[in-house]
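S.K.: Would you be able to build a 3D model of this:
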Amino acid sequence: MVWGGKPVSAKPAVEEHEQVQIRATVAPCPHDARENYRSR
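M.R.: Just a heads-up that it's a prediction; the model follows:
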């Protein structure tokens, strides 16, 4: 996975940064979290 936005941004509040490659482990959502989730 690549972390970080595009290196060039027109937004003045965005500081210069680099995109980096990271590893991630994804787990399924527990059933109770889906059933008890309140939409806004």
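S.K.: hey, where'd the helices end up in the chain?
M.R.: Secondary structure of the chain (DSSP state H): helices at 31-36.
S.K.: for it, what are the low-confidence residue spans?
M.R.: Within the chain, the stretches with pLDDT under 70 are 7, 30-40.
S.K.: All the strands of it, residue numbers only.
M.R.: Using DSSP state E, the strands of the chain run over 2-3, 20-21.
S.K.: can I get the ones you listed in JSON lines with distance to residue 27 and mean neighbour count?
M.R.: For the C-beta atoms, the positions are set from N, CA and C on the backbone; glycine is no exception. Rendered in JSON lines, the data for those read as follows (distance: least, CB to CB, whole Å; neighbours: other CB atoms under 10 Å):
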{"stretch": "strand 2-3", "distance to residue 27": "18", "mean neighbour count": "10"}
{"stretch": "strand 20-21", "distance to residue 27": "21", "mean neighbour count": "8"}
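S.K.: Out of these, flag the one nearest residue 12.
M.R.: Nearest to residue 12 among the strands of the chain is strand 2-3; the distance by CB to CB comes to 22.0 Å.
S.K.: For the closest one, name the packing helices and strands.
M.R.: If you count contacts as 3 or more CB pairs under 8 Å, 6 or more residues apart in numbering; DSSP states H and E, strand 2-3 packs onto strand 20-21.
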